[in-house]
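>>> when you get a sec, could you give me coordinates for this:
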Amino acid sequence: MQPYQAVSCELHSQYELYIMRAHPVIVSYRDQHGRTQSLQAKAIDLVTQQGAEWLRLKTDAGECDIRLDQIILCKPASA
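This next block holds a predicted model:
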C-alpha cells in the first residue's frame with residue numbers, strides 16, 4: 001500500500017459528523033489489493049494507527065477499519 005496521504009480538514013469533519021449523528025453510511029474504498037469494495041455500516045470512530053488515520057465502522061459482521069486516504073466515496077445510506 002502507498003504511504004498515507006492526509007485527507008482534507010473538510011472531509012475529516014464530514015466523517016466526524018457521520019460519527020456524532022450515528023449515520024449509517026455507504027462506503028466505497030480501495031482494499032489492500034487496490035480493488036474497489038463497498039459496504040454499508042455505521043461510522044463509530046476515527047482512529048490513528050500505523051501512521052495513518054482510519055474510519056472505524058460497525059457492520060453486521062463486526063467492526064472494521066478503512067484508511068481514510070483509501071475511501072473513494074462515503075455518503076449517508078438511504079432510509
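
>>> tell me the pLDDT at the residue nearest in space to the middle of the chain?
Residue closest to the mean C-alpha point of the chain, counted by C-alpha atoms, centre = their mean, is Leu55 at 3.9 Å. At Leu55 the predicted local distance difference test score is 98.

>>> likewise Ala79?
For Ala79, the model assigns a pLDDT of 53.

>>> Tyr4 falls within a strand, correct?
No. Secondary structure of Tyr4 (DSSP: H, G, I helix; E, B strand; the rest coil): coil, not part of a strand.

>>> show me the contacts for it.
Residues counted as contacts of Tyr4 (C-beta atoms under 8 Å, 6 or more residues apart in numbering) are 51-53, 67, 69. Using the backbone N, CA and C atoms, a C-beta is placed for each residue, glycine as well.

>>> now the strands for this structure?
Counting by DSSP state E, one finds strands in the chain at the ranges 24-30, 36-49, 52-59, 62-67, 71-76.

>>> nearest to Tyr18, of the ones you listed?
strand 36-49 (4.1 Å; C-beta to C-beta).

>>> how many neighbouring residues does Gln14 have?
Residues lying near Gln14 (other C-beta atoms under 10 Å) number 15.

>>> picking up where we left off before, Glu63 is in contact with the residue nearest to the centre of the chain, correct?
No. Using C-beta atoms under 8 Å, Leu55 is not in contact with Glu63, being 10.9 Å away.
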